[in-house]
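Asker: missing the sequence, but the structure's below:
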Ligand SMILES: O=S(=O)(O)CCCN1CCN(CCO[C@@H]2O[C@H](CO)[C@@H](O)[C@H](O)[C@H]2O)CC1
């Protein structure tokens, strides 16, 4: 056992696993190498460099495509037990369709998986982390229902090709983010028609997820075994005051931001959250539409999607306050208008290098308990939690963030009974932070983008995290401050 009775450290259960996470477009580079097809983030950053604060892109990024051996050696040094990464759809199927498989793309991921196996590191693979093949976006992308079928074809190629080595699969990373910010906002593909295409995107992503899970469950599980889930992002949403209105507004916001995708899959009844259904139907009617802007599932689809999980992948970074909104008439239909709440953060909450990311560990505990209570305590893997701070190797603030969030997680598990089986820190390396480019660094390892071989250097947080991963306990001598965790 890890500890003796006088040991004051906080320790996680022996079976609890620590890992790190990355995503293909953010680290690989080699955007047009060895047969890889163009993806929507390649197109978007090349056509609209101004959308990224430092006008950078993922053409080169961390060059991870060329650094498999070196990077897995760093993972080994970190002492982590699993590595979450994503596969670039257009590296496997350059034009998105399964009629042409790019063998070199297969080779790259086979090489990575072999290196991980040699180092006894378990792979956790995300099938889709925002990087849709551009050729499929030209067909309307996720707003086109046929995209679900194309995703099933892609998933089948992945399961056939990698199913003997990969036992933990995530279909999607953060559908809220790529549907709302992508089809309703400024991220790729930049459709920017919120209130319409974001709901179409979400509808087809949920269908795609359900179809792939049922295929996995029926055709692959007995052959290759394994577990399949989906990763959802859940910022905790706290009522700004104890008023009935604000408490109602916070619950509505949780259902719109998280329940949009969690309720159809993890709730007992399935389908969209009732509050989303009723508010969007009513708003659409009032706005003169014959059909609700939120599509309807058929009864068969509700059944297919409900319970389509072995575990929940949960990303959590921060917390917001929610106030009730005042009904605004005549505005452009949008997700935010449908929800009709005011979202903000307290000025005194500790800041980071990302404007949206405030350090609020107690929100992590609340989010986990809301999941436990609303979805019957599903087996949960924390697939991302992390923080951006200014550059520098002595990143004590990042150590304090991780230490405080792990304390909140420990309380949620050991006091509240949340069934969390592991934790991945975001991110292994500094990487391309979407519209924030390389200006916001999340890595345990600093990447020197000026150096020709993109040198990786361990920060203090890498040493802290190695101690945690190897002992399963929070060391007493690293963090010099604990943020409020209750
Ligand atoms: O509030 S603002 O309007 O100023 C912009 C908010 C943009 N958000 C940021 C948080 N992200 C969820 C986490 O997103 C995750 O976290 C990591 C760090 O961001 C990303 O690198 C990962 O790819 C992603 O999975 C969703 C998009």
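Answerer: Cool, the structure landed. What you are looking at is a predicted structure, and each value in this text was computed from that prediction instead of being measured.
Asker: Can you read off the pLDDT for residue 405?
Answerer: In this prediction, residue 405 carries a pLDDT score of 98.
Asker: Please disregard the earlier target; I meant residue 3.
Answerer: Note for residue 3: predicted pLDDT of 65.
Asker: what do you get for residue 231?
Answerer: For residue 231, the pLDDT comes out at 98.
Asker: Next: residue 466.
Answerer: The model reports residue 466 with a pLDDT of 98.
Asker: can you check residue 456 too?
Answerer: The score at residue 456 is 98. That number is its pLDDT.
Asker: give me the number of residues near it?
Answerer: 22 (other Cβ atoms under 10 Å). The way it works is simple: take the backbone N, C-alpha and C, and place the C-beta from them, glycine included.
Asker: List the buried residues in the helix or strand containing residue 214.
Answerer: Taking DSSP states H and E as the definition, residue 214 sits inside helix 197-215. In terms of neighbour count (16 or more other Cβ atoms under 10 Å), helix 197-215 has its buried residues at 197-215.
Asker: Does at least one residue of it sit close to the ligand?
Answerer: No. Shown here: helix 197-215 not in contact with the ligand (Cβ under 6 Å from any ligand atom), separated by at least 13.2 Å.
Asker: Phi, psi for the closest residue to residue 211 other than its chain neighbours please.
Answerer: Spatially, and ignoring its direct neighbours in sequence, residue 211 is nearest to residue 152 (5.0 Å; Cβ to Cβ, 6 or more residues apart in numbering). When read as degrees, to the nearest 10, the backbone of residue 152 gives phi -60, psi -40.
Asker: Relative to the ligand, how far out is residue 409?
Answerer: To the ligand, residue 409 is 17 Å away according to Cβ to the nearest ligand atom, to the nearest Å.
Asker: Go ahead and confirm that residue touches residue 368.
Answerer: Yes. Shown here, residue 409 and residue 368 form a contact pair, counting by Cβ atoms under 8 Å, at 7.2 Å.
Asker: Overlap in contacts, these two.
Answerer: Any residue near both residue 409 and residue 368 by Cβ atoms under 8 Å, 6 or more residues apart in numbering counts here, and that gives residue 420.
Asker: Low-confidence bits of the protein, can you list those?
Answerer: The chain contains residues with pLDDT under 70 at 1-3.
Asker: ok, the residue of it found nearest the ligand - contacts?
Answerer: Here the chain gets closest to the ligand at one residue, residue 356, 3.4 Å apart by Cβ to the nearest ligand atom. Contacts for residue 356 (Cβ under 8 Å, 6+ apart) come out as 317, 318.
Asker: So which of residue 409 and residue 368 has more stuff around it?
Answerer: Using other Cβ under 10 Å, the more surrounded residue of residue 409 and residue 368 is residue 368, with 27 against 24.
Asker: Look up which helix or strand the more buried one falls in, please.
Answerer: Secondary-structure assignment from DSSP H and E places residue 368 in helix 361-374.
Asker: Name the residues of that helix that come out as buried.
Answerer: Those would be 361-372, 374, for helix 361-374 by 16+ other Cβ under 10 Å.
Asker: Serialize these to a markdown table and add fields for distance to the ligand.
Answerer: Shown next, in a markdown table, are these (distance: Cβ to the nearest ligand atom, whole Å):
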| residue | distance to the ligand |
| --- | --- |
| 361 | 17 |
| 362 | 19 |
| 363 | 14 |
| 364 | 14 |
| 365 | 19 |
| 366 | 17 |
| 367 | 13 |
| 368 | 17 |
| 369 | 20 |
| 370 | 17 |
| 371 | 17 |
| 372 | 21 |
| 374 | 20 |
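Asker: returning to that earlier point: which outside residues touch the helix holding residue 368?
Answerer: For helix 361-374, contacts defined as Cβ under 8 Å, 6+ apart pick out 234-236, 238, 254, 259, 262, 266-267, 312, 314, 316, 318-319, 377-378, 380, 385, 404-405, 407-409, 411-412, 416-420, 483-486.
Asker: Am I right that residue 178 sits in a strand?
Answerer: No. Counting by DSSP: H, G, I helix; E, B strand; the rest coil, residue 178 falls outside a strand, being helix.
Asker: If anything else comes up later, I'll come back, but that's it for now.
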